[in-house]
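A.B. asks: with the input below, show me the fold.
(chains A and B)
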Amino acid sequence: GAGVSQSPSNKVTEKGKDVELRCDPISGHTALYWYRQSLGQGLEFLIYFQGNSAPDKSGLPSDRFSAERTGGSVSTLTIQRTQQEDSAVYLCASSPQSGLNYEQYFGPGTRLTVT
Amino acid sequence: KNEVEQSPQNLTAQEGEFITINCSYSVGISALHWLQQHPGGGIVSLFMLSSGKKKHGRLIATINIQEKHSSLHITASHPRDSAVYICAVEPGTASKLTFGTGTRLQVTL
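C.D. replies: Next up is the predicted model:
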(Lines give C-alpha, C1' and ligand atoms only; values in the text may rest on other atoms or scores of the structure.)
Protein backbone atom coordinates (compact mmCIF):
# COMPACT_ATOMS: atom_id res chain seq x y z
CA GLY A 1 0.00 0.00 0.00
CA ALA A 2 0.97 3.66 -0.14
CA GLY A 3 3.44 4.92 2.38
CA VAL A 4 3.59 8.24 4.14
CA SER A 5 3.61 11.09 1.65
CA GLN A 6 4.68 14.67 2.16
CA SER A 7 4.34 17.79 0.06
CA PRO A 8 6.00 19.78 -1.22
CA SER A 9 9.26 17.85 -1.50
CA ASN A 10 11.19 21.10 -1.64
CA LYS A 11 10.23 24.59 -0.56
CA VAL A 12 12.26 27.77 -0.89
CA THR A 13 10.85 30.79 0.86
CA GLU A 14 11.95 34.25 1.82
CA LYS A 15 12.61 35.14 5.42
CA GLY A 16 9.45 36.40 7.08
CA LYS A 17 7.00 34.47 4.90
CA ASP A 18 4.66 31.77 6.22
CA VAL A 19 4.89 28.19 4.94
CA GLU A 20 2.64 25.14 5.18
CA LEU A 21 3.95 21.61 4.97
CA ARG A 22 1.60 18.70 4.40
CA CYS A 23 1.71 15.09 5.56
CA ASP A 24 -0.54 12.24 4.44
CA PRO A 25 -0.06 9.32 6.83
CA ILE A 26 -0.62 5.68 6.00
CA SER A 27 -4.34 4.98 5.92
CA GLY A 28 -5.57 3.72 9.27
CA HIS A 29 -2.57 4.93 11.25
CA THR A 30 -3.78 6.83 14.28
CA ALA A 31 -0.44 8.23 15.45
CA LEU A 32 1.33 10.97 13.49
CA TYR A 33 4.66 12.61 14.29
CA TRP A 34 6.56 15.60 12.96
CA TYR A 35 10.35 15.70 13.23
CA ARG A 36 13.00 18.07 11.96
CA GLN A 37 16.46 17.24 10.66
CA SER A 38 18.75 20.27 10.57
CA LEU A 39 22.10 20.23 8.81
CA GLY A 40 24.69 19.02 11.25
CA GLN A 41 22.22 18.71 14.10
CA GLY A 42 20.41 15.44 13.65
CA LEU A 43 16.77 14.65 14.18
CA GLU A 44 14.54 16.28 16.74
CA PHE A 45 10.94 15.76 17.74
CA LEU A 46 8.44 18.56 17.05
CA ILE A 47 4.86 17.42 17.68
CA TYR A 48 2.82 14.25 18.00
CA PHE A 49 -0.86 13.45 17.39
CA GLN A 50 -2.61 10.36 18.69
CA GLY A 51 -6.23 9.86 17.68
CA ASN A 52 -8.51 12.43 19.26
CA SER A 53 -6.18 13.18 22.16
CA ALA A 54 -4.62 16.60 22.63
CA PRO A 55 -1.36 16.74 20.67
CA ASP A 56 2.01 16.66 22.41
CA LYS A 57 3.53 19.97 21.33
CA SER A 58 6.52 19.81 23.65
CA GLY A 59 9.08 19.79 20.81
CA LEU A 60 7.91 22.89 18.96
CA PRO A 61 10.83 25.35 19.07
CA SER A 62 8.76 28.55 19.17
CA ASP A 63 5.20 29.85 18.91
CA ARG A 64 5.82 30.46 15.21
CA PHE A 65 5.35 26.72 14.75
CA SER A 66 1.93 25.07 14.82
CA ALA A 67 0.34 21.94 13.45
CA GLU A 68 -3.11 20.59 12.84
CA ARG A 69 -4.47 17.20 12.04
CA THR A 70 -7.87 17.26 10.39
CA GLY A 71 -10.21 14.31 10.58
CA GLY A 72 -7.55 12.16 12.18
CA SER A 73 -5.70 11.88 8.87
CA VAL A 74 -3.85 14.63 6.99
CA SER A 75 -1.64 16.95 9.00
CA THR A 76 -0.31 20.41 8.22
CA LEU A 77 2.73 21.95 9.88
CA THR A 78 2.71 25.73 9.65
CA ILE A 79 5.71 27.95 10.24
CA GLN A 80 4.93 31.64 10.51
CA ARG A 81 7.42 34.43 9.83
CA THR A 82 10.11 31.98 8.77
CA GLN A 83 13.70 32.53 9.87
CA GLN A 84 16.91 31.20 8.32
CA GLU A 85 17.38 28.85 11.25
CA ASP A 86 14.12 27.13 10.23
CA SER A 87 15.92 25.71 7.18
CA ALA A 88 15.85 21.94 7.58
CA VAL A 89 14.23 18.77 6.34
CA TYR A 90 10.85 18.31 7.98
CA LEU A 91 9.88 14.68 8.35
CA CYS A 92 6.51 13.17 9.09
CA ALA A 93 6.00 9.67 10.41
CA SER A 94 2.96 7.58 11.26
CA SER A 95 2.32 4.41 13.21
CA PRO A 96 -0.74 2.22 13.74
CA GLN A 97 -1.00 3.67 17.24
CA SER A 98 1.30 4.98 19.87
CA GLY A 99 2.99 2.97 22.55
CA LEU A 100 4.97 -0.23 22.62
CA ASN A 101 5.77 -2.38 19.64
CA TYR A 102 4.75 -0.05 16.84
CA GLU A 103 7.27 0.97 14.24
CA GLN A 104 7.14 4.45 12.84
CA TYR A 105 6.94 4.81 9.08
CA PHE A 106 8.67 7.90 7.76
CA GLY A 107 7.77 10.05 4.81
CA PRO A 108 10.37 11.35 2.35
CA GLY A 109 10.48 14.75 4.01
CA THR A 110 10.11 18.34 2.90
CA ARG A 111 13.35 20.26 2.45
CA LEU A 112 12.73 23.84 3.54
CA THR A 113 15.19 26.55 2.62
CA VAL A 114 14.68 30.04 4.02
CA THR A 115 16.64 32.70 2.13
CA LYS B 1 25.45 15.05 27.56
CA ASN B 2 22.97 13.74 24.98
CA GLU B 3 20.38 11.29 26.19
CA VAL B 4 21.32 8.97 23.31
CA GLU B 5 24.95 8.42 22.37
CA GLN B 6 26.14 6.45 19.37
CA SER B 7 29.56 5.15 18.49
CA PRO B 8 31.42 5.31 16.30
CA GLN B 9 30.35 8.50 14.51
CA ASN B 10 31.98 7.34 11.30
CA LEU B 11 32.89 3.86 10.18
CA THR B 12 34.59 2.59 7.05
CA ALA B 13 34.66 -1.12 6.36
CA GLN B 14 35.60 -3.42 3.54
CA GLU B 15 33.01 -5.58 1.88
CA GLY B 16 32.41 -8.74 3.86
CA GLU B 17 33.43 -7.34 7.23
CA PHE B 18 31.34 -7.75 10.37
CA ILE B 19 30.15 -4.37 11.62
CA THR B 20 28.97 -3.26 15.04
CA ILE B 21 27.37 0.07 15.88
CA ASN B 22 26.71 0.89 19.51
CA CYS B 23 24.04 2.96 21.22
CA SER B 24 23.90 3.97 24.87
CA TYR B 25 21.09 5.91 26.49
CA SER B 26 20.58 7.51 29.86
CA VAL B 27 16.79 7.56 30.28
CA GLY B 28 14.20 4.90 30.98
CA ILE B 29 12.69 3.69 27.76
CA SER B 30 9.79 1.63 26.51
CA ALA B 31 11.42 0.77 23.18
CA LEU B 32 14.51 1.42 21.09
CA HIS B 33 14.53 1.88 17.32
CA TRP B 34 17.26 1.43 14.76
CA LEU B 35 16.77 3.48 11.61
CA GLN B 36 18.62 3.64 8.30
CA GLN B 37 19.01 6.73 6.14
CA HIS B 38 20.63 6.51 2.72
CA PRO B 39 22.24 9.65 1.27
CA GLY B 40 19.50 11.87 -0.08
CA GLY B 41 16.98 9.26 0.89
CA GLY B 42 14.27 8.78 3.41
CA ILE B 43 14.41 7.04 6.74
CA VAL B 44 13.58 3.38 7.03
CA SER B 45 12.87 1.59 10.26
CA LEU B 46 15.10 -1.46 10.67
CA PHE B 47 14.20 -2.67 14.13
CA MET B 48 12.14 -1.78 17.12
CA LEU B 49 12.95 -3.70 20.27
CA SER B 50 12.31 -3.54 23.97
CA SER B 51 14.26 -6.61 25.05
CA GLY B 52 16.54 -9.32 23.80
CA LYS B 53 17.54 -9.68 20.19
CA LYS B 54 16.02 -9.42 16.73
CA LYS B 55 17.38 -10.60 13.38
CA HIS B 56 16.44 -9.65 9.86
CA GLY B 57 18.58 -11.01 7.08
CA ARG B 58 22.16 -9.88 7.69
CA LEU B 59 21.11 -7.42 10.38
CA ILE B 60 20.97 -8.21 14.08
CA ALA B 61 19.93 -5.86 16.88
CA THR B 62 20.38 -6.50 20.57
CA ILE B 63 19.43 -4.56 23.65
CA ASN B 64 20.45 -4.80 27.31
CA ILE B 65 17.89 -2.88 29.33
CA GLN B 66 19.85 -3.08 32.59
CA GLU B 67 22.98 -1.63 30.98
CA LYS B 68 20.99 0.83 28.82
CA HIS B 69 22.85 -0.31 25.73
CA SER B 70 21.98 -1.59 22.27
CA SER B 71 24.06 -2.81 19.36
CA LEU B 72 23.34 -3.12 15.67
CA HIS B 73 25.38 -5.74 13.84
CA ILE B 74 25.75 -6.19 10.10
CA THR B 75 27.19 -9.47 8.92
CA ALA B 76 28.90 -9.89 5.53
CA SER B 77 28.70 -6.15 4.86
CA HIS B 78 28.08 -4.91 1.35
CA PRO B 79 28.51 -1.49 -0.30
CA ARG B 80 24.72 -1.14 -0.42
CA ASP B 81 24.79 -1.08 3.39
CA SER B 82 26.48 2.32 3.17
CA ALA B 83 24.15 4.71 4.97
CA VAL B 84 23.64 6.58 8.21
CA TYR B 85 22.36 4.37 11.01
CA ILE B 86 20.39 6.13 13.71
CA CYS B 87 19.48 4.90 17.16
CA ALA B 88 16.34 6.37 18.69
CA VAL B 89 14.56 5.74 21.99
CA GLU B 90 10.99 6.07 23.18
CA PRO B 91 11.32 7.47 26.70
CA GLY B 92 8.98 6.04 29.30
CA THR B 93 5.43 5.89 28.04
CA ALA B 94 5.83 8.64 25.44
CA SER B 95 5.97 7.60 21.82
CA LYS B 96 8.00 10.52 20.55
CA LEU B 97 11.53 9.53 19.62
CA THR B 98 14.78 10.94 20.95
CA PHE B 99 17.54 10.39 18.44
CA GLY B 100 21.23 9.72 18.52
CA THR B 101 23.44 11.66 16.16
CA GLY B 102 23.86 8.73 13.81
CA THR B 103 26.72 6.57 12.58
CA ARG B 104 27.86 7.13 9.02
CA LEU B 105 28.88 3.77 7.53
CA GLN B 106 30.77 3.38 4.28
CA VAL B 107 31.43 -0.08 2.94
CA THR B 108 34.01 -0.28 0.18
CA LEU B 109 34.79 -3.02 -2.32
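
A.B. asks: for chain A, what lies in contact range of chain B?
C.D. replies: By the rule C-beta under 8 Å from any C-beta of the partner chain, the part of chain A lying against chain B is A:31, A:33, A:35, A:42-45, A:48, A:50, A:56, A:58-59, A:91, A:93, A:95, A:98-109. (Each C-beta comes from the backbone N, C-alpha and C, glycine too.)

A.B. asks: please pick the buried ones from the residues you listed.
C.D. replies: With neighbours counted using 16 or more other C-beta atoms under 10 Å in any protein chain shown, these contain these buried positions: A:31, A:33, A:35, A:42-45, A:48, A:50, A:56, A:59, A:91, A:93, A:95, A:98, A:102-109.

A.B. asks: pLDDT on stretch A:65-72, on average?
C.D. replies: For stretch A:65-72, the mean pLDDT works out to 90.

A.B. asks: coming back round to it: filter the buried ones among the residues of chain A next to chain B down to just the ones in strands.
C.D. replies: Counting by DSSP state E, these place A:31, A:33, A:35, A:42-45, A:48, A:50, A:91, A:93, A:95, A:105-106 in strands.

A.B. asks: tell me the least confident of those?
C.D. replies: On pLDDT alone, residue A:42 ranks lowest of those, at 85.

A.B. asks: skip the chain neighbours and tell me the closest residue to that one.
C.D. replies: Leaving aside its chain neighbours, residue A:42 sits nearest to residue B:101 (4.8 Å; criterion: C-beta to C-beta, 6 or more residues apart in numbering or on different chains).

A.B. asks: check contacts around the one you found.
C.D. replies: Counting by C-beta atoms under 8 Å, 6 or more residues apart in numbering or on different chains, residue B:101 touches A:42, B:2, B:6, B:9.

A.B. asks: at 10 Å instead, please
C.D. replies: By C-beta atoms under 10 Å, 6 or more residues apart in numbering or on different chains, the contact set of residue B:101 is A:40-43, B:2, B:4-7, B:9, B:84, B:86-87.

A.B. asks: go on, residue A:52?
C.D. replies: Applying C-beta under 10 Å, 6+ apart to residue A:52 gives the contacts A:30, A:69, A:72.

A.B. asks: out of the residues you listed, who's nearest residue A:13?
C.D. replies: Closest approach between these and residue A:13, by C-beta to C-beta: residue A:69, at 22.7 Å.

A.B. asks: what bridges to the closest one?
C.D. replies: Beta-bridge partners recorded for residue A:69 (DSSP bridges): residue A:75.

A.B. asks: if I look at it, how far off is residue A:88?
C.D. replies: Using C-beta to C-beta, to the nearest Å, residue A:69 is found at 21 Å from residue A:88.

A.B. asks: just residue A:5 next, same as before
C.D. replies: 19 Å.

A.B. asks: neighbour count: those two, which is higher?
C.D. replies: Just comparing residue A:5 and residue A:88: by other C-beta atoms under 10 Å in any protein chain shown the higher neighbour count belongs to residue A:88, 20 against 15.

A.B. asks: okay, and the beta partners of the residue nearest to the spatial centre of chain A?
C.D. replies: Nearest residue to the geometric centre of chain A (C-alpha atoms, centre = their mean): residue A:34, 3.1 Å. Residue A:34 has these beta-bridge partners by DSSP bridges: residue A:47, residue A:92.
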